[in-house]
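S.K.: okay, sequence plus prediction incoming.
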Amino acid sequence: MTFNSLGLSEPLLRAISKKGYSEPSPIQSKVIPVILDKKDVLASAQTGTGKTAGFTLPILQLLSDGQEYRKRPVRSLILTPTRELAAQIYDNVRAYSAYTDLRSAVIFGGVKANPQIASLKKGVDILIATPGRLLDLHNQHALSLHKVEVLVLDEADRMLDMGFQRDINKILQLLPPRRQNLLFSATFSKEIKRLANGFMSHPQYVEATPENTTVEKINQQVYRVDKKRKTDLILDLIAGGKWQQVLVFTRTKHGANRLTEKMNKADISAAAIHGNKSQGARTKALAGFKEGKVRVLVATDIAARGLDIPLLPHVINFELPNVPEDYVHRIGRTGRAGASGVALSLVSLEEMEYLRDIEKLIDTQIPAETVEGFELTEKLSDLPPSTKKKNFKSSQPKQKNKKFRGRNPRQNRN
Ligand code: AMP
């Protein structure tokens with residue numbers, strides 16, 4: 001399959017070849033023709049599958065072929081849950097539309113509204129937005145949505161998780177009833193289905209499994225280590241291995257800050273990215289990390305969701321997530337675009353049950369490594385009684401998902 005055979009126009013093919021893509025990814029091959037056919041689409045695709053180009057390219061083509069308006073009202077609205085994802089999609093839209101006459105803009109909260117209002121005034125064909133700021137600027141009459149032809153809800157599951165249901169409903173009321181709807185989600189819970197049923201008409205269902213089937217391509221390792229020794233071990237691994245671009249996950253924002261401080265004290269440049277950081281700090285941290293100025297990015301799950309950092313060589317779980325599917329999301333940040341990566345998890349005694357749940361989900365026993373001087377010495381009797389009960393009483397599987405191989409990780413949750 002080639003991009004050419006998907007029926008994309010010459011300006012788009014030029015932009016694709018400038019990006020260096022030789023052939024469409026599976027989701028792109030499946031979804032581009034359906035969108036060009038002006039159908040509603042319900043797509044199951046995670047970050048890393050190439051979904052952004054999957055919806056952006058056909059939208060650009062439809063808009064280029066469609067009716068033009070002198071004042072350039074918004075003709076395609078792309079809604080995303082996070083500011084980072086909005087900024088990334090905007091970068092993609094700009095790159096893919098470089099040789100067309102279409103204009104785009106991005107709006108999200110946490111930064112001044114005036115420059116965003118100014119760019120909207122000039123007229124934009126494609127608007128990428130987070131729900132809150134969109135409603136805010138709409139209330140200020142800075143934009144009109146009555147000419148929207150194509151709506152995209154990207155990472156719809158995360159939008160619901162983040163409590164955007166009401167905002168989405170309000171936004172739907174502002175759109176013309178006749179339009180094309182595209183919904184992308186990593187998971188298909190009852191809530192997503194209810195949301196989709198509420199506004200889509202006979203959507204076509206498109207599914208794509210990520211290219212890097214997690215369990216197979218990523219080199220996963222577990223280091224069993226005492227909780228109080230984790231910081232020393234992670235410093236030892238990063239410094240000793242001379243790792244230059246490492247994404248570290250912690251369970252809490254506070255934990256992310258603490259670890260970042262300790263890394264910087266140990267002369268390993270690090271920055272934290274989580275919900276309590278200002279937009280400016282988050283953008284700066286991410287940019288520094290991408291450019292290689294920041295060696296370690298310490299993130300919480302929500303903050304890391306949807307970040308596009310290609311070819312990340314190392315991901316470390318400083319703590320295991322208590323939701324096993326989050327483990328799959330986390331380690332999916334490595335080994336992207338066909339490259340292999342390493343995902344390490346530091347696991348203390350009280351996290352053993354989490355580890356068992358993860359291994360059940362991915363149907364793989366993750367190999368355990370030890371570093372001399374960091375062997376696990378914690379004993380069951382050292383743990384507080386509540387932890388013991390929670391972690392060791394029952395090891396019954398909560399769900400069976402033996403077939404899981406980088407498939408939609410939350411599909412069995414409801
Ligand atoms: P996404 O899932 O949209 O976040 O895309 C993940 C990564 O894959 C991004 O870095 C894209 O630039 C890249 N990408 C998208 N489409 C292709 C393709 N057809 N070939 C190679 N890389 C791609």
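M.R.: It's in.
S.K.: can I get the helix or strand hosting Ala105 in PDB? Just the C-alpha atoms.
M.R.: Assessed by DSSP states H and E, Ala105 sits inside strand 104-107. The C-alpha trace of strand 104-107 is given here as PDB (Å, rounded to 0.1, in the frame of the first residue of the first chain):
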ATOM      1  CA  SER A 104      -4.800  26.200  11.200                       C
ATOM      2  CA  ALA A 105      -4.600  27.400  14.800                       C
ATOM      3  CA  VAL A 106      -4.400  25.800  18.200                       C
ATOM      4  CA  ILE A 107      -6.000  27.000  21.400                       C
END
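S.K.: hmm, who's touching it?
M.R.: 86-87, 89-90, 93-94, 97, 113, 116, 119-120, 124-130, 133-134, 137 (CB atoms under 8 Å, 6 or more residues apart in numbering). All C-beta spots, glycine's among them, are computed from the backbone N, C-alpha and C.
S.K.: do that again at 6 Å, thanks
M.R.: Under the contact criterion CB atoms under 6 Å, 6 or more residues apart in numbering, strand 104-107 has outside partners Ala86, Tyr90, Val93, Gln116, Ser119, Val124, Ile126, Leu127, Ile128, Ala129, Arg133.
S.K.: A helix includes the third one, no?
M.R.: Which is Val93. Yes - under DSSP: H, G, I helix; E, B strand; the rest coil, Val93 falls within a helix.
S.K.: surely it is in contact with Phe55?
M.R.: No - contact status for Val93 versus Phe55: not in contact, 9.9 Å apart, counting by CB atoms under 6 Å.
S.K.: quick one on the thing from earlier: would you list the strands that the strand holding Ala105 pairs with, along with their directions?
M.R.: Strand 104-107 has the following strand partners under DSSP bridges: strand 126-129 (parallel).
S.K.: is the partner strand up against the ligand anywhere?
M.R.: No - contact of strand 126-129 with the ligand is not found when judged by CB under 6 Å from any ligand atom; the minimum separation is 13.0 Å.
S.K.: next secondary structure after that strand?
M.R.: Strand 126-129 is succeeded, C-terminally, by helix 131-139 (DSSP H and E).
S.K.: how far does that following helix sit from its chain's centre?
M.R.: 22 Å (CA atoms, centre = their mean, to the nearest Å).
S.K.: got it, and stretch 317-336?
M.R.: With CA atoms, centre = their mean, you get 12 Å for stretch 317-336.
S.K.: got it, and stretch 158-172?
M.R.: With CA atoms, centre = their mean, you get 17 Å for stretch 158-172.
S.K.: do that stretch and the ligand meet at all?
M.R.: No - using CB under 6 Å from any ligand atom, stretch 158-172 never reaches the ligand; the gap is at least 13.3 Å.
S.K.: buried ones in that stretch, by neighbour count?
M.R.: Buried residues in stretch 158-172, counted by 16 or more other CB atoms under 10 Å: Arg158, Met159, Leu160, Asp161, Met162, Phe164, Asp167, Ile168, Ile171, Leu172.
S.K.: closest to Ala299 among the residues you listed?
M.R.: Checking the buried residues of stretch 158-172 against Ala299 with CB to CB, the nearest one is Arg158 at 14.7 Å.
S.K.: just the element for that closest one, please.
M.R.: Assigned by DSSP H and E, Arg158 falls in helix 156-161.
S.K.: which residues are contacting stretch 314-323?
M.R.: Here stretch 314-323 has contacts from 243, 246-251, 327, 331, 333-334, 342-346, 351, 354, using CB under 6 Å, 6+ apart.
S.K.: from those, keep the buried residues only.
M.R.: Buried members of these, counted by 16+ other CB under 10 Å: 243, 246-251, 327, 331, 333-334, 342-346, 351, 354.
S.K.: so where's the protein uncertain?
M.R.: Where the chain drops to pLDDT under 70, the residues are 209-217, 305-311, 335-340, 385-414.
S.K.: hmm, 80 instead?
M.R.: Applying pLDDT under 80 to the chain flags residues 46-48, 187-189, 208-217, 275, 279, 302-312, 325, 329, 332-340, 381-414.
S.K.: please name the nearest non-neighbouring residue to Ala343.
M.R.: Once flanking residues are discounted, Ala343 sits nearest to Ile331: 3.9 Å by CB to CB, 6 or more residues apart in numbering.
S.K.: distance check, that neighbour against Leu320.
M.R.: Note on Ile331: its distance to Leu320, by CB to CB, to the nearest Å, is 11 Å.
S.K.: quick check: chain neighbours aside, which residue is closest to Lys293?
M.R.: Ser269 (6.9 Å).
S.K.: hmm, I typed the wrong one, I wanted Arg229.
M.R.: Nearest to Arg229 is Phe374, by CB to CB, 6+ apart, at 5.6 Å.
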